[in-house]
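Engineer: sequence and predicted structure below; questions after.
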Amino acid sequence: MTDENKKINIEIANIDDTNELNELGISYGSQGLYDEAIAVFERILEIDPLNANALSNIGLANDFQGNTEKAIEYFLKALVIDDQLIAAQSNLASIYSRLGRYEEALVLCEKLLKQTPENHEVWASIGLIYFDMEEYDTALEYCNKAIELNPMYTEAKNTIAGIYTNKKEFDKAIAISDEILEIKPWDFIVLANLGLAYFGKGDIAKAIELQERALSIEPTYYIALNNLGWIYQQQGNYKKAIEYYEKALNFNPNFDTARANMIDAQNELKKNS
């Protein structure tokens, strides 16, 4: 334990108001200080061992740290106490989807939808799961419903752009992404996805430019780094591709797509040496 963590533990030990502690924990989390946030939420559990929100927040902090199994453990603990807790259900569904456990993710999201049928975020989350399952028509239905409920919800529009990119309808994908960027020109996720649409059209220079723009906004965005690696790999520049895959894995060691791509690029480099 660092001296700073000891100091934080001493300070929070003197706080007995769980609401005050909750605000402090959220503040630490929003600054990326996840260990400190966890310490605060653990203090809440000392006061109130059945505080489902604190358990859920510890799960979220662990997820941000890449401790996926521990995050799942805490979300499940929270749901044992409060099986209607929206944050725990939503975040757990997101993890399950990320792990390819789509059916479990859908069960949670469908339950959420019954609780909050007008919640556009839940509709969009289900759309994203179906997108990951490559069931694009169903994904489109859910994302369109999300936009119907909230026309300004750009996350659903970004998923729709991704659907059109994967269906090779690149002009539609570009049009939707441009629409989002008029509202949120700093959205590095949209910029990276837009780059893939331009790559699909054969505009390699534009594709690279957009990935680099995304990284200028968020240098740790490992998906854009992987995208650059993949673009260079398709051009036969395996050394440069490997460099970007390694950078992506430095930021997210659990990013299996980048790891698989890097192995492919390494094998191609050996063949061509």
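Structural biologist: Sure, I can see it.
Engineer: now do the SS call for the residue nearest to Lys206 when sequence neighbours are not counted.
Structural biologist: Closest residue to Lys206 apart from its sequence neighbours, by C-beta to C-beta, 6 or more residues apart in numbering: Tyr198 at 4.2 Å. C-betas here are computed from N, CA, C, even on glycine. Look at Tyr198: counting by DSSP: H, G, I helix; E, B strand; the rest coil, its state is helix.
Engineer: surely Tyr198 and Leu210 touch.
Structural biologist: Yes. With contact defined as C-beta atoms under 8 Å, Tyr198 counts as touching Leu210 (6.5 Å).
Engineer: what's near enough to touch the residue nearest to Lys206?
Structural biologist: Phe170, Ile174, Lys206, Ala207, Leu210 (C-beta atoms under 8 Å, 6 or more residues apart in numbering).
Engineer: any idea how far Leu181 is from it?
Structural biologist: According to C-beta to C-beta, to the nearest Å, Tyr198 stands 13 Å off from Leu181.
Engineer: try Lys77
Structural biologist: 40 Å.
Engineer: give me phi/psi at Gly236?
Structural biologist: Main-chain torsions, Gly236, degrees, to the nearest 10: phi 80, psi 10.
Engineer: so who does it touch?
Structural biologist: Contacts of Gly236 (C-beta under 8 Å, 6+ apart): Asn272.
Engineer: what about the longest helix in this structure?
Structural biologist: helix 256-272 (DSSP state H).
Engineer: what lies in contact with it?
Structural biologist: Counting by C-beta under 8 Å, 6+ apart, 222, 225-226, 229-230, 233, 236, 238-239, 241-242, 245-246, 248-249, 252 sit against helix 256-272.
Engineer: the closest residue to Ile72 other than its chain neighbours: neighbour count?
Structural biologist: The shortest distance from Ile72 to any non-neighbouring residue, by C-beta to C-beta, 6+ apart, is to Ile95 (6.0 Å). By other C-beta atoms under 10 Å, the residues close to Ile95 number 19.
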